[in-house]
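Undergrad: After the sequence you'll find the predicted model.
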Amino acid sequence: MNISDLSVKLNERLSQALPGDSAHAVLRAVSAGGVMPSFTHKLPPRPGGVLILLYPEGDSIHFPLILRQEYLGAHSGQISLPGGKSEPGEDGVQAALREAEEEIGINREKPNVLGTLTSFHVIPSNFIITPVVATLDSAPLFRPDPYEVAKIFSGSLHDLVRDDAIREKEILAAGQYRMRAPHFEIAGEIVWGATAMMLNEFRMILRELT
């Protein structure tokens, strides 16, 4: 399916009821024994957005992921979709587009926004994230922000939707918590946690359409 045909189908599908929590649960990591992290927050979750940016490259459709730099913050060194917290007056779509411009260098005016997935509560950092699905007609030239982004890499939709895309292994989270983590392996990187859970909702929708 080409990017134009997929855009039409996704635009229609994203306006309907979404898989939501049932998709997220499949990729939720669980304890593999030992101490588990505990998170309590006194304030309500902050809004934000991330961008699933689809673009054609060769014979397939791709989307970018980023490896974040090591810094003081909840998402230091993690693999994620481009995005971040909303600024005052922004909705999730605006936040996702602005943050993607800042992090990976795309012009926020260029993507064609098709819709959004189910909002997702990232408990450790206490954000409510809106995953935004958008397309570009051609492959962009990415420019990583050197402070926030260590690496930009891409995954293909083919690899995301194949039958054996979801794998599982034990990982050590935050250097101390043993977790059994369902995950995707994309460009040699293990994508787990909130990013994988949001991507699995997108995966389920794609598998309906293809």
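TA: Everything's here; your move.

Undergrad: so who does residue 143 touch?
TA: 104-105 (Cβ atoms under 8 Å, 6 or more residues apart in numbering). The way it works is simple: take the backbone N, C-alpha and C, and place the C-beta from them, glycine included.

Undergrad: next one: phi and psi at it?
TA: Taking degrees, to the nearest 10, you get phi -130, psi 100 for the backbone angles of residue 143.

Undergrad: which element follows the helix or strand residue 12 falls within toward the C-terminus?
TA: Per DSSP states H and E, residue 12 falls inside helix 3-13. Next along the chain after helix 3-13, taking DSSP H and E as the criterion, comes helix 21-26.

Undergrad: Downstream of the helix or strand of the chain with the lowest mean pLDDT, the next helix or strand is which one?
TA: For the chain, the helix or strand with the lowest mean confidence is strand 30-31, at a mean of 83 (criterion: mean pLDDT, DSSP states H and E). The helix or strand immediately downstream of strand 30-31 is strand 46-57, counting by DSSP H and E.

Undergrad: tilt between that following strand and helix 3-13?
TA: 150 degrees (axes from the mean of the first three to the mean of the last three Cα atoms, to 10 degrees).

Undergrad: Give the buried residues for strand 46-57.
TA: 47-56 (16 or more other Cβ atoms under 10 Å).

Undergrad: Those residues: which two are farthest apart?
TA: 47 and 56 (31.0 Å; Cβ to Cβ).

Undergrad: is it true that residue 152 lies in a strand?
TA: Yes: remark: residue 152 belongs to a strand, assigned using DSSP: H, G, I helix; E, B strand; the rest coil.

Undergrad: ok, and the closest non-adjacent residue to residue 201?
TA: residue 23 (3.8 Å; Cβ to Cβ, 6 or more residues apart in numbering).
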